[in-house]
Each structure stands twice: as structure tokens, then as C-alpha cells.
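A.B. asks: Just the structure for this:
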Amino acid sequence: MKIRHDEPEPLDHTPLLLGEGPAWDAGSATLGLVDIVGRAFLTVSGDDVTRTPTEDAIGCAVPWAPGRWLAAVGTDVVALTPHGGGTGFARLPGDPATMRANDGKCDPAGRLWVGVMARDAADRAGSLCVVHGDGRVETVLTGLTIPNGLGWSPDGTVMYVTDTARGTITAYDFDVREGRLTDPRVLTAVDPRFGGPDGLTVDAEGHVWTALWDGGAVLRIAPDGALVGVVELPVARLTSCCFAGPDLTDLIVTTARVALDGPTLRRYPESGRTYRVRTDVRGLPATRFAGPPA
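C.D. replies: Numbers count the residues shown, from 1 in each chain. Now for the predicted structure:
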């Protein structure tokens, strides 16, 4: 069941505390990454790595316009560039003292979907919101605990939403025109003995790839929920993944070292690195945020 791929290759950056949210902007051939706990936004372009500090925990950053990204920092949605920024665009719901943004991604129409969770991961305190191009914010789902990986089928008719605390990835029928979710059904439920589903991506064949927190692997799951492939990595705490590169066949996997004890770090010394895994599977291009540049 292993997928044909090369050996995982770490990217050349300092290990992150909680690496997350890899996003490939094909137009600029730039990879964006976030370090949630380290409060930083990173861009990787060729051999050039730029790290930009943020004022609070950064849940996600998505490509917007050339040289500009839209990021969820704390409960603020702000414009960022690799050289700074922070111009306000929108505000997510919740008290910023107790709530923060988590994973986020743009749908095929260019809306930003972003999870909001309690900073202490309180049960069912989280939600899923959508940020429209005019700055309006709408809460779509409530009762989530750790809203996480998001993705869409190649034709845009199915949306996937992860709740790591529940161990589930839920599929919804998706109306691209209206941005509406209907008919929820569980795509997969991961046994907690094998880790928790975290960030995800969808490939050109419609299969879902989910990184396993404390699972040491990325799973490839068919649209009917069948497990059809596994990519193992030399670290345990995987956080998210995306496809990148000129032909979208490089699987990028982020990892974390936050809260790992000494023995675990000695066992997995590369924790916090970002890996490139060259595969024989093609991903889908990321959609840029559709709002007018701020």
C-alpha cells in the first residue's frame, strides 16, 4: 500500500516549533509555511528562505496577489508580505484572549475558509468560518474542537473538513456558487492509536492526503473512504501537506517539535523540519484569495 516516491528530503530551514499550513503559489513558484507557536510566516523560493515574525499565533497564510499573502493571525485576518506587513482585512469571531485561528485554505471560488479554536482546545468551542472577498466573515459550522485540514474535490462539488480531536474527516456536498455545505458524512475516522488526522490536501484524482499528528505518516484516502496509500516519514508529529513544484508532484509535509520531551526528540531529532517527497501523483493547484488586494 506504500506509494511510489523518493526518500523524504528536508528543506533547508531552521526546525519549526509547530510548522503548518504549506501552500504552493504556482504563479510565483513560492512555498508558504507558518510556525503557529513560533509566530512566524515563512516563504521558500528556490534556495531563498524568508522568515517574517507575526504578532500572535498564525494559523494559516494563503496566496493572494503577487508578493502578498492573506494570513489569519490570532483572530485577525491580515495582509502579509515576506518582508512584513500586517494590514488588517477582517476579524474572526471570538475573544482573541481565548480563541485563535487554525488551518485555512481558499475554495475554488477564492473564498478563505479558516477554522477558529480555543487556545486551550476546549471541547466543541471551535468553528469554521469563511472570509469573503469584501471582508465579510460568516460562521458556517460550530461545535468543532480542533478544526483542521480543508480541501475540495477536483470538480469542487465536495469539501473535506477535519476535526483532529474527533479523529474524523467529514465530506460535505459543496455549492461553489453559494459557498454552502450540505449532506455531511464521515469520509474516515482514524483510530487514535495511529495518530490524529491533521492538515490535508487533495490530488488530481480526487484522493485525500492527510498528515497524522503523532502518526509518522501521510495517508492517501480514496473518495469512498478506502485507505489506498501510505507515505512514512522519519518524524512522528506530522501536521499538514500540499503538492508543489512545476508539475505538482512534490509532496510537501510540515512537522512539529512542540511539547516533545527529551527522549522523543532524541528518537526523532528532525522534528520540526519540512520535507519534500517526490511522488508519481499529481496534486491540484492552490486557488489564490479572490478579494481585491489591500
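A.B. asks: roughly how far apart are Gly74 and Arg111?
C.D. replies: 20 Å (CB to CB, to the nearest Å). To be clear about C-beta, it is placed using only N, CA and C from the backbone, and glycine gets the same treatment.
A.B. asks: What sits closest to Asp25 if chain neighbours are left out?
C.D. replies: Pro63 (3.7 Å; CB to CB, 6 or more residues apart in numbering).
A.B. asks: Please look at the one you found and Ala286 and confirm they touch.
C.D. replies: Yes - assessed by CB atoms under 8 Å, Pro63 is found in contact with Ala286 at 6.3 Å.
A.B. asks: shared neighbours of those two, which are they?
C.D. replies: Ala23, Asp25 (CB atoms under 8 Å, 6 or more residues apart in numbering).
A.B. asks: give me the number of residues near Arg266?
C.D. replies: 9 (other CB atoms under 10 Å).
A.B. asks: Give me the secondary structure label for it.
C.D. replies: Here Arg266 is recorded as helix under DSSP: H, G, I helix; E, B strand; the rest coil.
A.B. asks: what does Val228 give?
C.D. replies: Classified using three-state DSSP, Val228 is strand.
A.B. asks: Tell me how far it lies from Gly135.
C.D. replies: 40 Å.
A.B. asks: cool, Val158 as well?
C.D. replies: 27 Å.
A.B. asks: These two: who's more crowded?
C.D. replies: Neighbours were counted for Val158 and for Gly135 using other CB under 10 Å; Val158 has more, 20 against 14.
A.B. asks: Quickly list what the more buried one is bridged to.
C.D. replies: Bridge pairing for Val158 (DSSP bridges) gives the partners Asp173.
A.B. asks: ditto for Gly84
C.D. replies: Thr81.
A.B. asks: From Val235, how far off is it?
C.D. replies: 30 Å.
A.B. asks: Asp247 too?
C.D. replies: Taken as CB to CB, the span from Asp247 to Val235 is 26 Å.
A.B. asks: Those two - which one has more neighbours?
C.D. replies: Using other CB under 10 Å as the criterion, Asp247 and Val235 rank with Val235 on top: 23 against 9.
A.B. asks: Please, which helix or strand holds the more buried one?
C.D. replies: Assigned by DSSP states H and E, Val235 falls within no helix or strand.
A.B. asks: Count residues in the vicinity of Asp47, would you?
C.D. replies: Around Asp47 there are 7 residues (other CB under 10 Å).
A.B. asks: okay, the closest residue to it other than its chain neighbours: pLDDT?
C.D. replies: With CB to CB, 6+ apart as the criterion, Asp47 has its nearest non-adjacent residue at 7.0 Å, and that residue is Asp12. What the model reports as pLDDT for Asp12 is 91.
A.B. asks: and what of Arg4?
C.D. replies: 68.
A.B. asks: And the residue nearest to Asp47, how far from Thr201?
C.D. replies: 22 Å.
A.B. asks: More neighbours: the two, which one.
C.D. replies: Taking other CB under 10 Å, Asp12 and Thr201 do not tie; Thr201 has more neighbours (29 against 11).
A.B. asks: give me the beta-bridge partners of that one?
C.D. replies: Going by DSSP bridges, Thr201 forms beta bridges with Trp209.
A.B. asks: show me what contacts it?
C.D. replies: Gly149, Gly151, Val208, Trp209, Ser240, Cys241, Cys242, Phe243, Gly283, Leu284.
A.B. asks: Asp35: which of the residues you listed is nearest?
C.D. replies: The shortest gap between Asp35 and any of these belongs to Ser240, at 12.0 Å (CB to CB).
A.B. asks: correct me, but that closest one touches Ala23?
C.D. replies: No - look at Ser240 against Ala23 with CB under 8 Å: they stay out of range, at 9.4 Å.
A.B. asks: quick one: which of the two has more around it?
C.D. replies: Ser240 (32 against 25).
A.B. asks: residues touching the more buried one, list them.
C.D. replies: Residues in contact with Ser240 (CB under 8 Å, 6+ apart) are 19-22, 103, 149, 198-201, 211, 253-254.
A.B. asks: Among these, which one lies nearest to Ile36?
C.D. replies: Among the contacts of Ser240, and counting by CB to CB, the member closest to Ile36 is Glu20, at 5.4 Å.
A.B. asks: right, and that closest one touches Ala57 too?
C.D. replies: No - between Glu20 and Ala57 there is no contact under CB under 8 Å: 10.1 Å.
A.B. asks: More neighbours: which of those two?
C.D. replies: Glu20 (25 against 20).
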